[in-house]
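[1] My questions are about this predicted structure, shown below with the sequence.
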Amino acid sequence: MDELDLVLGRKEPVADGVVCLTLRHPKGLPLPAWEPGAHLDLLLGEGSGGLERQYSLCGDPADRSALTVAVLREPESRGGSAFVHERLAEGDTVRVRGPRNNFALVESPRYLFIAGGIGITPIVPMVAEADASGADWRLVYGGRTRASMAFADALTGKYGDRVDLRPQDETGLLPLAGLLGTPQPGTAVYCCGPEPLLGAVEEQCRPWDAGALHVERFAPKEDPNAGPRAEFEVELALSSRTLRVPADKSILQVVEEAGVPVLSSCQEGTCGTCETEVREGEPDHRDSLLTEEERAAGETMMICVSRSCGPRLVLEL
């Protein structure tokens, strides 16, 4: 996937602990096209320890002059958000990869959008597209406090009572049972936010039609059914090589150590950068990205975390 060096044209606070970054081409050239739900890899480079982080695009897809992301200053940051908030300045060069979309907006007559905290970022352009299409939609947006909720005023100012703001210190937790307790045929549910919210929404949506719920995670989902890590063999079909993957290493680590180039980023099965085609064998999916249908098909896997159910896999590498 192509990488670009862009210029940070504007950095502005949009809520408590949240800054919005507007990135532009240094020569004013058009930037890559994208659709709602897409994210951008920021390769933070020197001074950050070589960190790569993924942030959802929250601007206007029709505006090819800029790519916009919003970044929350995480209290327990591993370095990415701290670097963005403390070190990045207007005029700096930022290398990016993408955009890439693992959270695409499907066509539907009705949408229910549920956002928690910084999870509002991919939802903003989705709401705009749903509104422009004439679909019936509603957004329920929760946050710790009203001041911490990025884009809240802009959303209510533009869409009025279709946007239901729910600051936790004023209204408590989101009323998920009321929102999702009765399945609504023909409604696509989109949710992004912290893991407790995603888990609760998934639980409420179990009676819904398959494929009705769409979620995006910022952190890996714990899988209580994950079995022990066993050794297995992986054949690289394009490289004509066979490698042994020990229990204490990922496929990605073994492949990289063998000198085979593979794109990767998050190393935890949430971004999709290392998604690889499976030619033979049954993957042991341990990512937080593929749907149940995609897992059952076994056509691709995230080699940074997923393993093999059997003694051998053949991959398109």
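    Received the coordinates, thanks. Numbers count the residues shown, from 1 in each chain.
[2] And the strands in the stretch 151-300 of the chain, which stretches?
    Using DSSP state E, counting those that start in this stretch, the strands of the stretch 151-300 of the chain run over residues 163-167, 187-192, 213-216, 232-236, 241-245, 275-280, 283-284, 300-302.
[3] contacts for the third one?
    Right, strand 213-216. With contacts defined as Cβ atoms under 8 Å, 6 or more residues apart in numbering, strand 213-216 is touched by 37, 56, 102-103, 106, 119, 122, 188-192, 198, 201-202, 205. Where you see a C-beta, it was placed from the backbone N, CA and C, and this is true even at glycine.
[4] Then the shortest one?
    Outside strand 283-284, the residues that touch it by Cβ under 8 Å, 6+ apart are 227, 295, 298, 301, 306-309, 313.
[5] Buried among those? Need that as a selection in PyMOL.
    To isolate the buried ones among the contacts of strand 283-284 in PyMOL, judged by 16 or more other Cβ atoms under 10 Å, type:
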select buried, resi 295+301+306+307+308+313
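[6] Could you identify which of the strands of the stretch 151-300 of the chain is most buried?
    Most buried of the strands of the stretch 151-300 of the chain by mean neighbour count (mean count of other Cβ atoms under 10 Å) is strand 300-302; its value is a mean of 26.
[7] Mind giving me the packing neighbours of that strand?
    strand 275-280 (3 or more Cβ pairs under 8 Å, 6 or more residues apart in numbering; DSSP states H and E).
[8] on that earlier part again, got the contacts of strand 283-284 as TSV, with pLDDT and distance to Pro30 columns?
    Listed next are the contacts of strand 283-284 as TSV, based on pLDDT from 0 to 100; distance: Cβ to Cβ, whole Å:
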residue	pLDDT	distance to Pro30
Gly227	73	48
Arg295	91	37
Gly298	94	38
Met301	96	34
Ser306	95	36
Arg307	95	41
Ser308	96	43
Cys309	94	45
Leu313	96	40
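[9] can I get the contacts of strand 283-284 in CSV with distance to Asp60?
    Formatted as CSV, the contacts of strand 283-284 follow (distance: Cβ to Cβ, whole Å):
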residue, distance to Asp60
Gly227, 45
Arg295, 34
Gly298, 37
Met301, 34
Ser306, 35
Arg307, 41
Ser308, 43
Cys309, 44
Leu313, 42
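[10] Give the residue farthest from the middle of the protein.
    Ranking residues of the chain by C-alpha distance from their mean position (Cα atoms, centre = their mean) puts Ser240 at the top, at 32.9 Å.
[11] returning to what we had before: tell me the one among the contacts of strand 283-284 nearest to Cys266.
    Ser306 (13.1 Å; Cβ to Cβ).
[12] Test my guess that the closest one contacts Glu282.
    No. Between Ser306 and Glu282 there is no contact under Cβ atoms under 8 Å: 10.8 Å.
[13] How many neighbouring residues does the residue nearest to Ile118 when sequence neighbours are not counted have?
    Of all residues not flanking Ile118 in the chain, Leu72 sits nearest, at 4.1 Å (Cβ to Cβ, 6 or more residues apart in numbering). Residues lying near Leu72 (other Cβ atoms under 10 Å) number 22.
[14] next one: Leu173
    Residues near Leu173, counting by other Cβ under 10 Å: 12.
[15] Can you name the residues that contact the residue lying closest to it once chain neighbours are set aside?
    Using Cβ to Cβ, 6+ apart and skipping residues adjacent in sequence, the residue nearest Leu173 is Gly142, 7.5 Å away. Contact analysis of Gly142 by Cβ under 8 Å, 6+ apart lists 114-117, 166-168, 173-174, 193, 197.
[16] For Ile251, state which of the residues you listed is nearest.
    Of the contacts of Gly142, the one sitting nearest to Ile251 (Cβ to Cβ) turns out to be Gly193, at 29.8 Å.
[17] correct me, but that closest one touches Pro122?
    No. Contact criterion Cβ under 8 Å: Gly193 and Pro122 do not qualify, at 10.4 Å.
[18] returning to what we had before: so which two of the contacts of strand 213-216 are the farthest from each other?
    Greatest spatial distance in the contacts of strand 213-216: Ser56 and Cys205, 21.1 Å, computed using Cβ to Cβ.
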